[in-house]
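A.B. asks: Whatever this is, show me its structure:
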Amino acid sequence: MSEEHLVTSEEQTVSLVDVLQEDQELQEEASAVLAGSDSDHCSYPQGYVKRQALYACNTCTPKGGEAAGVCLACSYKCHEGHDLFELYTKRNFRCDCGNKKFADVRCKLFTDKEDFNTLNKYSHNFFGEYCTCRRPYPDPEDQVEDEMIQCVLCEDWLHGRHLGCEVPDCVELQEMICESCMNKNLFLWCYADHIAVAGPAVESEVKDTEAHLERSDKVDDVAEPSCKRVCQEDPSCRMKQLQATGVKRARSGAVFWPSEWRSKLCRCSACQGSLSEAGVSFLLDELDTVLAYEDKGKSEEQCEQSHDPLMSALDNLNRVQQLEIIHGYNDMKSELKDFLQRFAAEGKVVTSEDIRQFFEQQQSRKRNQVDGRFYCA
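C.D. replies: So this is what the prediction gives:
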């Protein structure tokens, strides 16, 4: 192999920097949930956090007791080695670690906590059950390959085959509201008629409706005094305009919503009151979305990594040195993957102690190899 290039089997030129950058993209996706949460400090002092990564401890609060959730830092520091359920992210939640729901466990990171967090919302997720089928994840008895999608409102995770509708393409860029939540908030069906991801049968009608509403908005902007829009004493209600069109879709199955759909919700005083009464005012906040949370975490992580001296030093190495490093890097990466797969198969959370032990084993193996070469010489 030439000293000037690292060549793949397809004869494409690849540098070590390219390999690390590609791997970094995968790491960013995997850590997006965690990067937006503090791994060192309990989130309790922040109150009911807008959105954060959460865990439920099956060791401390097993099924049959009271549901409780702990923040990322407490999952590491207070519940290391415990049987934890990953809850992904949830909104407006305050860390329960060490409160009255935990008989003998005290929070190691923040001790001055109230007995209960009365505004927290819990579900069967906190006992390791998901979807309408209330099965665990991963489910060792389920042989069907199926993705799980989180509902925007109840934040439960549902199997695609249990949604009662076809899962659209690019689902990772869309939000979903399950059928149960739609029926609990019937006004959402009116928005679904016009804003939600539509089937081919009603697609043209929806586009015509949106065009009509855009023209109406432009006319209103010209005809109405600006003070009327500011005061909103008698605003033009977008909801009433949608209802007047008569366009409807079937009132069944989960509903998928395209990006920026929240910006199309009516913000008149009456509709804001309805959203507040239903407890879903967060729908008016476009930064409430999981995608916004993940983007923020990725941005912060990229900012930290931009100061990484390793990436800066790579360009100063010759190709022979890079080749030696890339072999070691690939070996370590393969072993780490095998190591982590064992945790995934058992549904366990990887702790900092587990990672520390892994690298200690790597160091020990490296020393043994060096000693072996020395004596052979």
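A.B. asks: Residue 195 and residue 239: what is the separation?
C.D. replies: The gap separating residue 195 from residue 239 is 11 Å, by Cβ to Cβ, to the nearest Å. Placement of C-beta: from N, CA and C, glycine included.
A.B. asks: In terms of neighbours, single out the busier of those two.
C.D. replies: A direct count of neighbours by other Cβ atoms under 10 Å for residue 195 and residue 239 places residue 195 higher, at 22 against 16.
A.B. asks: Pretty sure that one sits against residue 262.
C.D. replies: No. At 9.3 Å, residue 195 does not count as touching residue 262 under the criterion of Cβ atoms under 8 Å.
A.B. asks: all strands of the stretch 201-350 of the chain, in order?
C.D. replies: Assigned by DSSP state E, counting those that start in this stretch, the strands in the stretch 201-350 of the chain fall at 255-257.
A.B. asks: got any ranges where it has weak pLDDT?
C.D. replies: 201-235, 300-324, 326-327 (pLDDT under 70).
A.B. asks: can you give me the helices for it?
C.D. replies: 226-231, 238-245, 269-277, 290-305, 309-314, 319-346 (DSSP state H, counting those that start in this stretch).
A.B. asks: Identify the residue nearest residue 343 in space, chain neighbours excluded?
C.D. replies: residue 350 (5.1 Å; Cβ to Cβ, 6 or more residues apart in numbering).
A.B. asks: Between residue 195 and residue 239, which contacts overlap?
C.D. replies: The overlap between the contact sets of residue 195 and residue 239 (Cβ atoms under 8 Å, 6 or more residues apart in numbering) is empty.
A.B. asks: Which residues are in contact with residue 32?
C.D. replies: Neighbours of residue 32 in contact, by Cβ under 8 Å, 6+ apart: 294, 297, 298.
A.B. asks: again but with residue 176, I slipped
C.D. replies: By Cβ under 8 Å, 6+ apart, the neighbours of residue 176 are 149, 150, 151, 152, 163, 254, 255, 256, 257.
A.B. asks: which of the residues you listed has the most neighbours?
C.D. replies: residue 255 (27 neighbours).
A.B. asks: For residue 38, see how far away residue 275 is.
C.D. replies: Distance check for residue 275 against residue 38: by Cβ to Cβ, it reads 30 Å.
A.B. asks: Roughly how far does residue 145 sit from residue 356?
C.D. replies: 34 Å.
A.B. asks: Going by how many neighbours each has, rank those two and give me the top one.
C.D. replies: residue 356 (10 against 6).
A.B. asks: Do you know the pLDDT at the more buried one?
C.D. replies: Looking at residue 356, its pLDDT is 80.
A.B. asks: Now do the SS call for it.
C.D. replies: helix (DSSP: H, G, I helix; E, B strand; the rest coil).
A.B. asks: surely residue 75 meets residue 349?
C.D. replies: Yes. Residue 75 is in contact with residue 349 according to Cβ under 8 Å; the separation is 6.6 Å.
A.B. asks: okay, and the common contacts of the two?
C.D. replies: 55, 84.
A.B. asks: Which one's more surrounded, these two?
C.D. replies: The residue with more neighbours, out of residue 75 and residue 349, is residue 75; 25 against 17, by other Cβ under 10 Å.
A.B. asks: List the single closest residue to the more buried one in space, sequence neighbours excluded.
C.D. replies: That would be residue 55: by Cβ to Cβ, 6+ apart, it lies 4.3 Å from residue 75.
A.B. asks: same question, residue 165
C.D. replies: Closest to residue 165 by Cβ to Cβ, 6+ apart is residue 253, at 3.5 Å.
A.B. asks: and that neighbour, how many residues sit next to it?
C.D. replies: The burial count for residue 253: 14, using other Cβ under 10 Å.
A.B. asks: list the contacts for it?
C.D. replies: By Cβ under 8 Å, 6+ apart, the residues touching residue 253 are 163, 164, 165, 179.
A.B. asks: tell me the phi and psi of it?
C.D. replies: phi 80, psi 160 (degrees, to the nearest 10).
A.B. asks: mind checking how far it is from residue 198?
C.D. replies: 13 Å.
A.B. asks: What of residue 254?
C.D. replies: Residue 254 is 14 Å from residue 198, by Cβ to Cβ.
A.B. asks: Next: residue 290.
C.D. replies: 23 Å.
A.B. asks: just residue 192 next, same as before
C.D. replies: 9 Å.
A.B. asks: Can you pull the residues that touch both of the two?
C.D. replies: Contacts common to residue 192 and residue 198, judged by Cβ under 8 Å, 6+ apart, are residue 249.
A.B. asks: which residues does residue 48 contact?
C.D. replies: By Cβ under 8 Å, 6+ apart, the neighbours of residue 48 are 92, 93, 94, 117, 119, 120.
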